[in-house]
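Visitor: Give me a model of this one.
(one chain, ligands or ions: 1)
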Amino acid sequence: MSAPQLLAGKNILVTGVTMDSSIGFAIARCAQEYGARVLISNFGQALRITRRIAKRLPEEPPVLELDVTDPEHLAGLPDVLREHLGDDARLDGVVHSIAYGNPETLLGGKFLDGPWEDVARAIEVSAYSLKALTVACRPLLGDGSSVVGLTFDASVAWPVYDWMGVAKAGLESTSRYLARDLGADGIRVNLVSAGPLRTLAAKAIPGFEDLETMWKTRAPLGWDNADTQPTARAVCALLSDLFPATTGEIVHVDGGFHAMGA
Ligand code: NAP
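Guide: Next up is the predicted model:
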């Protein structure tokens, strides 16, 4: 059965694609299957890998270089997007699938010792960048455009997640303030809160298996930590016109874990 063309005619930028295990990769694939024209981005040395991995998508998309902490990259983004999409093009969707926290100093039980420089970097890359990326794309965004990011439920404290949990709390708050300030232009901003998925970033977290074990025993629908598709589909639904009156929202794609007390 062919996929519903929920995103037909839409231009969508998906950031944070490194490997084919990246959630961003699954989102890019899903968006293409749903009919979107997709551009993907990554930064630094991993760009090489991204360019190779891009060939594994149903259609090879343009790969943009975008470090979300680099003011020049951000300032140049509208022109780079127009080069690929055309001078009058608009951007219908932006996916923020980016996070970074030094695993050696900030994660895996290091909360009380995490140094500010590393915390600051984690918050800049993982939370502030949602604002930076959205504002950079704003000249191409318009009524009906949708911004979607990825969080790991920051309403509670978790084992091992430590300062990344704080950064995610910042991300969740940032998305609400963006929703407030961009709502008048018809731009929606939402997050998907995914359960633990075995990506590169996740495997770098010391003790990540503790979270996986919790999900296995508690998620009422069960949870496959290798399956990024349910998360990708939820992101695509939020990118589509199916949620025209939803903004500042966090949709949980976690097998129902968040709703259980124990
Ligand atoms: P991933 O494949 O490692 O993706 C994270 C991406 O962020 C990578 O492509 C990474 O690039 C990129 N990145 C880091 N610093 C950047 C910068 N300064 N500028 C631009 N890109 C930068 O891991 P993932 O699990 O798919 O993560 C995607 C999102 O999902 C993150 O927000 C993550 O927190 C969230 N999430 C993940 C899980 C999970 O269990 N995996 C659960 C809930 C939410 P490099 O690889 O080159 O460093």
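Visitor: How far off centre is whichever strand or helix holds T134?
Guide: Taking DSSP states H and E as the definition, T134 sits inside helix 129-137. In terms of CA atoms, centre = their mean, to the nearest Å, the centre of helix 129-137 is set 12 Å apart from its chain centre.
Visitor: and the helix or strand following it, what other elements does it pack with?
Guide: Note on helix 129-137: by DSSP H and E, the next helix or strand toward the C-terminus is strand 146-151. Helices and strands touching strand 146-151, by 3 or more CB pairs under 8 Å, 6 or more residues apart in numbering; DSSP states H and E, are strand 93-96, helix 129-137, helix 162-182, strand 188-194, helix 229-239. Every C-beta, even on glycine, is put in place using the N, C-alpha and C of the backbone.
Visitor: In JSON lines: these, plus mean neighbour count.
Guide: As requested, the helices and strands packed on strand 146-151 are exported to JSON lines (neighbours: other CB atoms under 10 Å):
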{"stretch": "strand 93-96", "mean neighbour count": "28"}
{"stretch": "helix 129-137", "mean neighbour count": "22"}
{"stretch": "helix 162-182", "mean neighbour count": "20"}
{"stretch": "strand 188-194", "mean neighbour count": "25"}
{"stretch": "helix 229-239", "mean neighbour count": "23"}
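Visitor: can you tell which of these is closest to the ligand?
Guide: strand 188-194 (3.8 Å; CB to the nearest ligand atom).
Visitor: Please identify the residues of this structure in proximity to the ligand?
Guide: Residues of the chain lying near the ligand by CB under 6 Å from any ligand atom: 16-19, 22-24, 42-44, 46, 66-69, 97-100, 125, 150-152, 194, 196-197, 199-202.
Visitor: let's see it at 5 Å
Guide: 16, 18, 22-23, 43, 46, 67-69, 97-100, 125, 150, 152, 194, 196-197, 199-202 (CB under 5 Å from any ligand atom).
Visitor: Drop anything exposed from those residues.
Guide: Taking 16 or more other CB atoms under 10 Å as the criterion, what is buried in those is 16, 18, 22-23, 43, 67-68, 97-100, 125, 150, 152, 194, 196-197, 199, 201-202.
Visitor: how far away is the residue minimising distance to the centre of the chain from L200?
Guide: Geometric centre of the chain, nearest residue: S97, 2.3 Å, by CA atoms, centre = their mean. S97 sits at a distance of 12 Å from L200 (criterion: CB to CB, to the nearest Å).
Visitor: what's the overlap in contacts for those two?
Guide: Counting by CB atoms under 8 Å, 6 or more residues apart in numbering, the residues touching both S97 and L200 are S22.
Visitor: Show only the entries of the residues of the chain next to the ligand found in helices.
Guide: Using DSSP state H, the subset of the residues of the chain next to the ligand located in helices is 23, 200-202.
Visitor: any chance of the residues you listed in CSV, with distance to P159 and pLDDT too?
Guide: As requested, those are arranged in CSV below (distance: CB to CB, whole Å; pLDDT from 0 to 100):
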residue, distance to P159, pLDDT
I23, 21, 98
L200, 20, 91
A201, 17, 90
A202, 14, 94
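Visitor: For the strand or helix carrying R48, could you pull out the residues that count as buried?
Guide: Element membership for R48 (DSSP H and E) is helix 47-54. Residues of helix 47-54 classed as buried: 47, 49-50, 53-54 (neighbour count, 16+ other CB under 10 Å).
Visitor: and what of stretch 243-258?
Guide: Neighbour-count burial for stretch 243-258 [16+ other CB under 10 Å]: 243, 247-248, 250-255, 257-258.
Visitor: can you give me the end-to-end distance of that stretch?
Guide: End-to-end distance of stretch 243-258 (CA to CA, to the nearest Å): 22 Å.
Visitor: repeat for stretch 9-16
Guide: 23 Å.
Visitor: So what's the gap between that stretch and the chain middle?
Guide: A distance of 11 Å separates the centroid of the chain from that of stretch 9-16, by CA atoms, centre = their mean.
Visitor: any residues touching that stretch, and which ones?
Guide: 22-24, 27-28, 31, 35-42, 64, 66, 68, 81, 85, 89-99, 133, 137, 239-240.
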